[in-house]
Each structure stands twice: as C-alpha cells, then as structure tokens.
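Participant: one predicted model, sequence on top.
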2 protein chains.
Amino acid sequence: MGTEIERKFLVDHNKWDKVNKPKGNVYKQGYILNEEKRTVRIRVTDTSAYITLKGAAEGISRSEFEYEIPKANGEQILKEFATTSLEKTRYNINYAGHLWEVDVFEGANQGLIVAEIELDKEDEAFEKPDWVAEEVSYDSRYTNALLSVKPYTTW
Amino acid sequence: MGTEIERKFLVDHNKWDKVNKPKGNVYKQGYILNEEKRTVRIRVTDTSAYITLKGAAEGISRSEFEYEIPKANGEQILKEFATTSLEKTRYNINYAGHLWEVDVFEGANQGLIVAEIELDKEDEAFEKPDWVAEEVSYDSRYTNALLSVKPYTTW
C-alpha cells in the first residue's frame, strides 16, 4: 500500500474483439468522495468488495490505500454512501511479463475501452499488445472518478 | 456491521476524577468526509487504526461500517486525507453489564468529557454510574464529526 504508478491507453476495438479473452469480472463502483486531490471509492466485484482512497496525481503516480471488505457491506455502502457510480467489465491479460487490466465500460460510458498497466517505477519499460492504442495517462477525463460524473457518451 | 445505537451523556468532572480508572487509550481521529448524512473517519489508536463510514442519524441510531487497517496506513491517511481532526483519551468502563466509553477530549475540545453507551435496541434499559450527568444524545454539536469542525472551547 502506498503509491500507485499506472499508465493508461485506449484500446483498438477491432483488434480487441479478436483477442482470446479470459472471463471478465463485473465491477460496480461508486464514489463517496470525488475531489481532484482526494477520492474515496467503493468497488463491488463478482466475489468481494473494496474500499479505496486515492490521493492527488503527480504525473502517472498517486498515493493509494485499498482494503478488502465483505461484499454485502460493499453493496450497502454503494447504495447508501456513493453519490456517483459506474459499471464496467474487467479483463486481466498477462502479456510479456506484465498484467494489463482492460476495462470495457457500460451504461453511460458505453463505447469506451481502456487498458491499464501498473508499474513499479515511472520509467519502467514494457511491451504493448497490438490492441493497445493511444496513451491517455495524462488526460484526467479518463479517470474513473471523472467518468462517473461526466460519462464518455456525454463528451 | 450495520446499525449503531448509542446514547451519549456529559460526565460530572468532580465525580469522574475520583473514579478508579483503567489505562486510557489515545485516539487521534480525522474526517475525510464530514457531511450531516455521511462521514468517513480515520481513527488511529495506540495499537491500530480504523476507517469508519457513518450514515445519517435517525434519533439515536445510524448506519456504521468500520474496518481495521494497519496503524502505519492510518497515520499516513490521517495526514494526507483528513481535513479536520481531534484528539481524545478513551477509557472503557464496565458497569452493570454494559460497556461505557468515556472520552476525555484534548486540544481545542479540552474541558469536554463525554460518556457513551452502545445498545442493542433503542429502548434497552441500563443503569447509569453516578458520574454520568445530562444526556446529549440528540445534540449534534457533541458528535465527534462536528467537534472536529467547531470545537468545544469555541462554543
């Protein structure tokens, strides 16, 4: 727990459609606090739930604290405490020694597919699968926190 | 986890001074979100830390979700995410089959001592120790969330 270093890319839909994918996991997530420099997020997955605090981004780094909680609690918190929310299906893809997390957004963010890679240091090298397209790491519109407020289909 | 039912009383300082007390625990707590109907609190004790969400009060009841987290995380979160904070020493006193939590506030809330009892149902009967004085269960100024914003010495 501490610092999250992450790069984020758009996904080429045509190439992604042809990928042999593992089963995806549905993520429902809501924001309890949604400020530029502080977010508190509740995430409910198929099997569990998490409460996550993220601090101010400095480039591609930000502080992050995440705790697993019982799924039933997560569902209640999502309903009672979140002011904005979104839904997506996550696919975990291992490629050339790195984990890619690909999020296929639903609802008001339908049409958006984003791939993220978490790094141990900012200048870490990695190979990109051919379905990885334009980098959007520095575009805050693509943060899940902002997508829950101003969804992709409204851009 | 679910509903917290709690009654809150002022403490008679003279009588409290004469009580044979156990060792108190120092609590440092801060508010990450501090609204009337939703609070997110971080509490750091001598040995651990907790993140706690509380919902809207309905009389003496409110929803509560609390999770223990590593103390080092708690200290970092307190520093980085809390916008208001307070400090107090808590004494746990067992009396007539109930636990009384007595908070002796410090800093800007110095001079305030509050005793709380948690109940299983709203109309549960209990005996009061002689140092328990006026009830303040319905006075929101005495919530820790508001004491962190408008401390006792400023009233």
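Facilitator: All right, it came through fine. Residues are numbered from 1 along each chain as shown, chains lettered A, B, ... in the order given.

Participant: CA only for contacts and neighbour counts going forward, please
Facilitator: OK.

Participant: return the residues in contact with residue A:2.
Facilitator: Neighbour list for residue A:2: A:63, A:64, A:65 [criterion: CA atoms under 8 Å, 6 or more residues apart in numbering or on different chains].

Participant: and for residue A:113?
Facilitator: Residue A:113 neighbours (CA under 8 Å, 6+ apart): A:10, A:11, A:13, A:102, A:103, A:104, A:105.

Participant: swap in 7 Å and give it another go.
Facilitator: Residues in contact with residue A:113 (CA atoms under 7 Å, 6 or more residues apart in numbering or on different chains) are A:10, A:11, A:102, A:103, A:104, A:105.

Participant: how about it: which residues does it bridge to?
Facilitator: On the basis of DSSP bridges, residue A:113 is bridged to residue A:104.

Participant: hmm, back to that, looking at the contacts of residue A:2, which is nearest chain B?
Facilitator: Chain B has its nearest neighbour among the contacts of residue A:2 in residue A:65, at 7.6 Å by CA to the nearest CA.

Participant: quick check, pLDDT for residue A:47.
Facilitator: According to the prediction, residue A:47 has pLDDT 94.

Participant: nope, residue A:57 is what I was after
Facilitator: For residue A:57, pLDDT reads 85.

Participant: got the phi/psi numbers for the closest residue to residue A:140 other than its chain neighbours?
Facilitator: Take residue A:140 and drop its neighbours on the chain: the residue closest to it by CA to CA, 6 or more residues apart in numbering or on different chains is residue A:146, 7.2 Å away. For residue A:146, the backbone dihedrals are phi -80, psi -30 (criterion: degrees, to the nearest 10).

Participant: okay, now residue A:146: neighbour count?
Facilitator: Residues lying near residue A:146 (other CA atoms under 10 Å in any protein chain shown) number 18.

Participant: quick one: it from chain B, how far?
Facilitator: Between residue A:146 and chain B the distance is 18 Å, computed by CA to the nearest CA, to the nearest Å.

Participant: test my guess that residue A:112 contacts residue A:105.
Facilitator: Yes. Counting by CA atoms under 7 Å, residue A:112 touches residue A:105, with 5.6 Å between them.

Participant: what does stretch A:51-68 contact?
Facilitator: A:1-7, A:36-43, A:49-50, A:137-138.

Participant: tell me which residues in it are buried?
Facilitator: Of the residues in stretch A:51-68, A:51-57, A:60-66 count as buried by neighbour count, 16 or more other CA atoms under 10 Å in any protein chain shown.

Participant: and that stretch, end to end?
Facilitator: 7 Å (CA to CA, to the nearest Å).

Participant: circling back: from the contacts of residue A:2, which land in strands?
Facilitator: A:63, A:64, A:65 (DSSP state E).

Participant: for the longest strand seen in chain A, packing partners?
Facilitator: Counting residues, the longest strand found in chain A (DSSP E) is strand A:84-95. When contacts are defined as 3 or more CA pairs under 7 Å, 6 or more residues apart in numbering or on different chains; DSSP states H and E, strand A:84-95 sits against strand A:25-34, strand A:98-105.

Participant: that one vs strand A:25-34, what angle?
Facilitator: 130 degrees (axes from the mean of the first three to the mean of the last three CA atoms, to 10 degrees).

Participant: partners of strand A:84-95, with directions?
Facilitator: By DSSP bridges, strand A:84-95 pairs with strand A:25-34 (antiparallel), strand A:98-105 (antiparallel).

Participant: who's in contact with the first one?
Facilitator: The set of residues external to strand A:25-34 that reach it, using CA under 7 Å, 6+ apart, is A:39-46, A:78, A:81-91, A:145, B:33.

Participant: quick one: buried ones out of those?
Facilitator: Buried subset of the contacts of strand A:25-34 (neighbour count, 16+ other CA under 10 Å): A:39-45, A:78, A:81-82, A:84-91, A:145, B:33.

Participant: give me every residue that touches the spatially closest residue to residue A:30 that is not a sequence neighbour.
Facilitator: Spatially, and ignoring its direct neighbours in sequence, residue A:30 is nearest to residue A:85 (3.9 Å; CA to CA, 6+ apart). Neighbouring residues of residue A:85 by CA under 7 Å, 6+ apart: A:29, A:30, A:31, A:148.
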